[in-house]
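Student: For reference, the sequence and a predicted model appear below.
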Amino acid sequence: MSIHTLSHSTLVNSYWKDQSMLRNVLLVVAGSVLLFVSAKIKVPFYPVPLSMQTFVVLMLGMVYGWKLGAATILLYLAEGAFGLPVFSGTPERGIGIAYMVGPTGGYLLGFLFAAIVVGWMAERGWGRNVLTTFGAMVTGNLLIYGFGLLWLGSVIGWDKPVLAYGLTPFLLGDLLKIIVAMLLLPVAWKLIRK
């Protein structure tokens, strides 16, 4: 059995079948705008305000697939590298490359790898039911945390409470985002089937 036979359509390809270059460019630009907006939204939550950015990163991978998901994250990172205040905390905490090599830079890199892996999983049918959606979203979150924590520890020093700064305050919020994705994605697939 070849890898090609294992591939499934993504949500975006099921809803918008025309796969022209114009469509892809529009999707990538729209996704980068959505990432920018999600980085600026702060929902009051415990123990820290909830950003919707990781949710959007993972949903882009699940909805777009790995190629369009990766292209979207790369455009977003390029916008930030060129000094546009697209990241959370910008311009207050800096902009451009200086921001990207700061304490949260690893999470930004994790966005790219998470979108690729989650998008690849989506292209293999993940996201069509509650359990596989859960698995894909957890995998994506683990990648974001892995890159983020490794970078954070390298920047601030491993003698600091790295997990208390970069992991534990966000676990409850990320669990809530996973639950929302578990509810949304299978419903979207059911609507397509009808």
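Tutor: Happy to help now that I have it.

Student: Which residue lies nearest the spatial centre of this structure?
Tutor: residue 57 (1.7 Å; C-alpha atoms, centre = their mean).

Student: Could you list every helix and strand in contact with the helix or strand that contains that residue?
Tutor: Assessed by DSSP states H and E, residue 57 sits inside helix 53-64. Other helices and strands packing on helix 53-64, by 3 or more C-beta pairs under 8 Å, 6 or more residues apart in numbering; DSSP states H and E, are helix 11-15, helix 21-40, helix 66-81, helix 105-122, helix 130-156, helix 171-193. In this view, the C-beta of every residue, glycine as well, is placed from N, C-alpha and C.

Student: Now residue 166: closest residue in space, sequence neighbours ignored.
Tutor: Using C-beta to C-beta, 6 or more residues apart in numbering and skipping the chain neighbours, the partner closest in space to residue 166 is residue 152 (4.6 Å).

Student: Now do the contacts for that neighbour.
Tutor: Residues counted as contacts of residue 152 (C-beta atoms under 8 Å, 6 or more residues apart in numbering) are 103, 104, 106, 107, 162, 165, 166.

Student: do the same with residue 156
Tutor: Residue 156 sits in contact with 103, 162, 165, where contact means C-beta under 8 Å, 6+ apart.

Student: can you tell me which of these are in helices?
Tutor: Counting by DSSP state H, the contacts of residue 156 place 162, 165 in helices.

Student: Just the buried residues of the contacts of residue 156.
Tutor: By neighbour count, with 16 or more other C-beta atoms under 10 Å, the contacts of residue 156 hold 103, 162 as buried.

Student: quick one: which of the contacts of residue 156 is nearest to residue 172?
Tutor: Nearest to residue 172 among the contacts of residue 156: residue 165, at 15.6 Å, using C-beta to C-beta.

Student: And the closest one, how far from residue 37?
Tutor: For residue 165, the distance to residue 37 equals 25 Å [C-beta to C-beta, to the nearest Å].

Student: same deal with residue 47?
Tutor: Distance from residue 47 to residue 37, by C-beta to C-beta: 24 Å.
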